[in-house]
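**Q** sequence first, predicted model second:
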Amino acid sequence: MIRKNVQVYIVRSTDSKLLMLKRTKERSGYWQPVCGGIEMNELAHDTAIREVCEETGITNYDYIEKLPFDFKYQEPKNGIEMDMEDVCFLITINSKYDVRLSNEHEQFKWIDFDEVSELTNWEPIVTVCEYLNEKINN
């Protein structure tokens with residue numbers, strides 16, 4: 001069985017900063033964009049919007065776009081190795097929000113794209129951020 005997820009890259013259009021979230025120690029403590037599972041009969045687009053609201057409190061956005069990236073990998077979930085497939089989205093916002101983290105995360109940062117490698121070296125995130133940096137800043 002494949003678990004389908006979204007990765008949502010939130011970028012402020014005012015300064016091209018990317019929002020990254022740090023998972024709690026109990027949830028492995030790594031940095032990531034907004035991520036979450038697609039529920040049964042839910043469209044990936046709708047999952048992206050729902051997860052952004054649940055994980056950050058952000059409810060208004062200017063733009064949403066499906067990115068040309070889908071990643072397949074394996075990851076343990078509740079002690080069981082699972083096949084995962086992530087669909088990627090970009091959401092842009094034009095104002096500063098007070099990010100309200102869910103209980104899944106303990107910290108957040110607005111960063112420049114060239115700072116991503118300081119937080120994570122996970123290939124899918126690095127690849128998408130290189131693409132977005134080129135798309136947004138050139």
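**A** Now that the structure is in, tell me what you want to look at. What you see is a predicted model, and the numbers here were worked out from it, not measured in a lab.

**Q** mind giving me the packing neighbours of the lowest-mean-pLDDT helix or strand in the chain?
**A** In the chain, no helix or strand scores lower on mean pLDDT, DSSP states H and E than strand 63-77, which sits at a mean of 93. Using 3 or more Cβ pairs under 8 Å, 6 or more residues apart in numbering; DSSP states H and E, the elements in contact with strand 63-77 are strand 2-12, helix 44-56, strand 80-93, helix 123-137. All C-beta atoms are positioned from the backbone trio N, CA, C, and that covers glycine.

**Q** now do it: everything it contacts.
**A** 2-3, 7, 9, 13, 44-45, 48-49, 81-92, 124, 127-128, 131-132 (Cβ atoms under 8 Å, 6 or more residues apart in numbering).

**Q** can you report how many residues lie near Val87?
**A** For Val87, the tally of surrounding residues (other Cβ atoms under 10 Å) stands at 19.

**Q** who are the neighbours in contact with the spatially closest residue to it that is not a sequence neighbour?
**A** Using Cβ to Cβ, 6 or more residues apart in numbering and skipping residues adjacent in sequence, the residue nearest Val87 is Ala44, 4.6 Å away. By Cβ under 8 Å, 6+ apart, the residues touching Ala44 are Lys4, Val6, Ile38, Lys66, Val87, Phe89.

**Q** dig out what the fourth one forms beta bridges with.
**A** When bridges are taken as DSSP bridges, the partners of Lys66 come out as Phe89.

**Q** one more: the second one?
**A** For Val6, the beta-bridge partners are Gly36, Val87 (DSSP bridges).

**Q** report pLDDT for it.
**A** On pLDDT, Val6 comes in at 98.

**Q** and the contacts of stretch 53-61?
**A** 10, 19, 21, 34, 36, 49, 52, 91-93, 95, 97-102, 104-105, 108.

**Q** let's see the PyMOL selection covering just the buried ones among the residues you listed.
**A** Burial among these is assessed by 16 or more other Cβ atoms under 10 Å; the matching PyMOL selection reads:
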select buried, resi 10+19+21+34+36+49+52+91+92+93+97+99+104+105+108
